[in-house]
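Chemist: structure of the sequence below:
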Amino acid sequence: MNTIDLNDIPRLKEESMKAYQWLVEKYPHFDDPINVTADDSVLFPIRWKTKISNAIFEWVISDMGSVTLRLGEVEGNRRNPAPIFYLSLRKSEEGTLVWTDPDGNYVSFPHPTILEDVKTRVRLYLDSAS
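Modeler: Next up is the predicted model:
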C-alpha cells in the first residue's frame, strides 16, 4: 500500500460522503444525526444512531476515510466504545483509494455484501453480550 498524502484529502472526503449516503439509506437515522445541518450540509465526523436487530448502534464516518459501527446505547462508553464493524480507505500500489478491513484486506464497498457482514458482526456482539 502507498502512503496517503495531502493531495488525497479531497478524495478521502468524497469517498467518505459516498459511504455516508449509502449507509444512511440502509441504516436510517434513529435520532438526529450529529454534524448534518437542516440544509443537509455535512461537517465531519458524521454520527447517527440506528436500530439493528432491536439494539441501538452508532455509525461514525470520518473525513479521512473511516467507517465505524459501534455501540449506541451505552452513554458511559460513548467516548471510545469498541467497534463492531470498521472499514478504512487506503491507497493501493496503483495509487487508487480502496476500502479495507482492520486486517488490511480489500473490501468491496459500497456493496450489498457489507449488509450481511454488518448483520453477522452485530449478531456476534449481541450473542456475546447476552
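Chemist: okay but residue 98 is in contact with residue 104, surely?
Modeler: No: taking contacts as CB atoms under 8 Å, residue 98 lies outside contact range of residue 104: 10.1 Å. To be clear about C-beta, it is placed using only N, CA and C from the backbone, and glycine gets the same treatment.
Chemist: more neighbours: these two, which one.
Modeler: Here residue 98 and residue 104 are compared on neighbour count by other CB atoms under 10 Å; more neighbours surround residue 98, at 18 against 9.
Chemist: what is the host helix or strand of that one packed up against?
Modeler: Under the criterion of DSSP states H and E, residue 98 resides in strand 97-100. Helices and strands touching strand 97-100, by 3 or more CB pairs under 8 Å, 6 or more residues apart in numbering; DSSP states H and E, are helix 9-26, strand 83-91.
Chemist: one step back: mutual contacts of residue 98 and residue 104, please.
Modeler: Common contacts of residue 98 and residue 104, defined by CB atoms under 8 Å, 6 or more residues apart in numbering, comprise residue 90.
Chemist: how many neighbours does residue 116 have?
Modeler: Count around residue 116 with other CB under 10 Å applied: 10.
Chemist: what are the ranges of the strands in the protein?
Modeler: 34-36, 42-52, 55-62, 66-71, 83-91, 97-100 (DSSP state E).
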